[in-house]
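Peer 1: Sequence and predicted structure below; questions after.
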Amino acid sequence: MNTRCPTRISAIVLALSIAVPVLPQSTTQKQASSAATRGTRPATLTDRERVIHALNRLTFGPRPGDVDAVMAKGMDAWIEDQLHPESIDDSALNARLAPYATTRMNPKQLAETFPSDTVIRQIIAGKRPMPDDPERTLVYAVNVARVRQQEAIKVQGANADPNAAAKMNAGSAADNATKPPSPSSAEVQARAIADNLLSLPKNQRLAALENAPPEQLINFPSLLRGDQRDRLMADFAPQEREIVRALTNPAGVVASELQQTKLIREIYSERQLLEVMTDFWFNHFNVFQYKNQCVYYTTAYERDAIRPHALGKFYDLLVATAQSPAMLMYLDNWLSIGPRSQAAGKNGQSGLNENYGREVMELHTLGVNGGYGQSDVTELARVLTGWTIAQPDDGGQFQFDPKRHDPGTKTVVGEKFFDAGVDEGLQALNMLAHNPSTAHFISQSIATRFVSDDPPAALVDRMAEKFLSSDGDIREVLRTMLHSPEFWSPKAYRAKMKTPLELVVSALRATGTNVVSPDALLQNLTLMGMPPYGMAVPTGYSTKSETWDNEGALLARINFSTALTQGNLPGVQFDPGAIVTLGILTSLDQPRTKAVLNEKHTGLEFAIALTEDTVLPGELLPKDEAIIRKETQDPDAERNTSALANRLRLIVAFILASPEFQHR
């Protein structure tokens, strides 16, 4: 690897500050500027551009060879396959998902295997027993010790001399200034346990942990050295690895595995449109993974409520999300009690909660200008009282509690609902799902994601008409969009800026990068402001360019491109040699590469052309190619990137950070 990597990174950042300018704020201005930069476009896209456009909008980005494969199959046939994902073999993806056992568990299993601190405190208080299973007992015992230790520290802190720490620090400041930090006693102990485990046969290591004193295993994996932890964890079976990670943060195992499998699906699934729509609908019906017990429900929410209905009928999707414990908990409807219900005012119960009633109309169905008012919010909240969760601490499911339901007739958006128990809520959701305002709002949201930040009104109207005439069939609404001239307009071509998630996934797909562990990718998404399942507010993440188009966000994107291509993301195997191999297999007949070969240009020109045609179907602008050529030919670059691999890393980093790749 280049020994002067920081110098190269500085060069990339400096050059790309020119190559990736901050665009104007208005969407119209952005599109006009983008079109002007590319020059005057023809009135229609070429066949190849149409395929590139479809792959950029209906997938998480093309892989090397995808453009030619779609052209050979035929665009219409490929789109129909994507609209019917059950017809597509995805067995290779399933093999990659196999190690993540939590994603196949139901909420009850997750809550039992990876206990929350609430459950641990109930065990300490004697309100529930320890499990019988040895592996679960290990997790519970260590976390009981952890919570007890935390409580003891709180008590000690409350009783301590407030000046003791300052006195101690003042007395040892001079010594600490000259000494490197020493591992704590807990770290020394944990590392000794790990060394002992590594000396045992692999099939005996978990049993050895089960026999260790729980107090010695508090935060065990996080106290190990990085290399030591990696060696130890690599030798455990997937289920054993989950148990060991749970010694530090049980619920964190559930959250992390869901985040990791999201990226794996989006990178490797052949059912790309299904994954794009699953991401779209989760964002539309957003829940925050870290609110209360939502961590145990978010996995099933996406798996059982959203993905199966992502291309189905909108009403079915709406009901599935409304009755999911994840949504009930996130927007507090599980706590809502009718003011005149049997449960009102009893046992300290709270009253009517309007959070879900408001958001289901404003964000999920009618839209903010959909013709409802505050009285409709209150009345809908009354309709939905009694929709709650059975035993939420234990991963319980949706239940209707008639004692919490507010009796009497309610009126929502001009329609009366008579007292009918749980059916009352279903009738109200049915009314909302088939409202013309909902048809328009959903159609506009889909068009904004797939067409432009400000989609043409005529297109939205046609999609809304199809929504209403097809009983809210999402697949048919997409077909209407995909058969429209607006979708295929040259104005839409590479006119939408990728979100951080789209950028990361598309970069990995475009470069053929092998992802062994997505942890580093998740860290980068957090730095870029888009951790999966991490949007705390109900609006979800914006897909509009203006949200992600600022200097700080662009710098984070450049840093990601550099880290990826320099091989600085653990668990992410970027191979510049693979770019060459993929290019030779897929790109020798492409325009840029073919022209360079015919004109017998230099090896550098060939490398740029081959990499460009492989990673970024469609040509870079001349000004961007000039920057790449300059940065790989200047004397400093020549001395420090003499190896072909290092030069290719630099070329790919520039391409990934170019305006053309940043847009879709």
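Peer 2: Done, it's in.
Peer 1: Please, where are all the strands along the stretch 401-550 of the chain?
Peer 2: Assigned by DSSP state E, counting those that start in this stretch, the stretch 401-550 of the chain shows strands spanning 410-412, 415-417, 514-515.
Peer 1: and those strands, which is most packed in?
Peer 2: Most buried of those, by mean neighbour count (mean count of other C-beta atoms under 10 Å): strand 410-412, with a mean of 20. Yep, even glycine has a C-beta here, placed from its N, CA and C like the rest.
Peer 1: Mind putting the strands of the stretch 401-550 of the chain into CSV with mean pLDDT and distance to residue 493?
Peer 2: Output for the strands of the stretch 401-550 of the chain, formatted as CSV (pLDDT from 0 to 100; distance: least, C-beta to C-beta, whole Å):
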stretch, mean pLDDT, distance to residue 493
strand 410-412, 98, 43
strand 415-417, 97, 44
strand 514-515, 96, 29
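Peer 1: Can you name the element that comes right after the lowest-mean-pLDDT helix or strand in the chain?
Peer 2: Lowest on mean pLDDT, DSSP states H and E among the helices and strands of the chain sits helix 27-38, with a mean of 39. Going down the chain from helix 27-38, the next helix or strand is helix 47-58, by DSSP states H and E.
Peer 1: Contacts for that next one next, please.
Peer 2: 45, 61-62, 66-67, 70-71, 75, 78-79, 82, 272-273, 276, 450-451, 487-488, 492-494, 496, 617-618, 664 (C-beta atoms under 8 Å, 6 or more residues apart in numbering).
Peer 1: and if you look at stretch 368-377?
Peer 2: For stretch 368-377, the external contacting residues (C-beta under 8 Å, 6+ apart) are 354, 357-358, 361-362, 366, 412-413, 435, 437-438, 441.
Peer 1: same thing with stretch 448-458?
Peer 2: Under C-beta under 8 Å, 6+ apart, the answer for stretch 448-458 is 27-28, 30-31, 57-58, 280, 444, 447, 459, 478, 481, 486-487, 491-492, 495-496, 543-546.
Peer 1: now swap in stretch 97-104 and tell me
Peer 2: The list of residues contacting stretch 97-104 from outside it, by C-beta under 8 Å, 6+ apart, reads 110, 113-114, 238-239, 241-242, 253-254, 257-258, 260-261, 264-265, 299, 303.
Peer 1: Filter the residues you listed down to the buried ones, ChimeraX style.
Peer 2: For the buried members of these, the matching ChimeraX selection, counting by 16 or more other C-beta atoms under 10 Å, is:
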select :110,113,114,241,242,253,254,257,258,260,261,264,265,299,303
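Peer 1: Select from the contacts of stretch 97-104 every entry located in helices.
Peer 2: Among these, DSSP state H puts 110, 113, 238-239, 241-242, 253-254, 257-258, 260-261, 264-265, 299 in helices.
Peer 1: Run through the residues that contact the residue most central in space within the chain.
Peer 2: The centroid of the chain falls nearest to residue 532 when counting by C-alpha atoms, centre = their mean (3.0 Å). Counting by C-beta under 8 Å, 6+ apart, residue 532 touches 258-259, 262-263, 501, 522, 525.
Peer 1: Dump the residues you listed to a markdown table, plus distance to residue 213 and pLDDT.
Peer 2: Shown next, in a markdown table, are the contacts of residue 532 (distance: C-beta to C-beta, whole Å; pLDDT from 0 to 100):
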| residue | distance to residue 213 | pLDDT |
| --- | --- | --- |
| 258 | 32 | 98 |
| 259 | 32 | 98 |
| 262 | 37 | 98 |
| 263 | 37 | 98 |
| 501 | 43 | 98 |
| 522 | 33 | 96 |
| 525 | 38 | 96 |
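Peer 1: Of the residues you listed, which is the nearest to residue 338?
Peer 2: Checking the contacts of residue 532 against residue 338 by C-beta to C-beta gives residue 258 as the nearest, at 34.0 Å.
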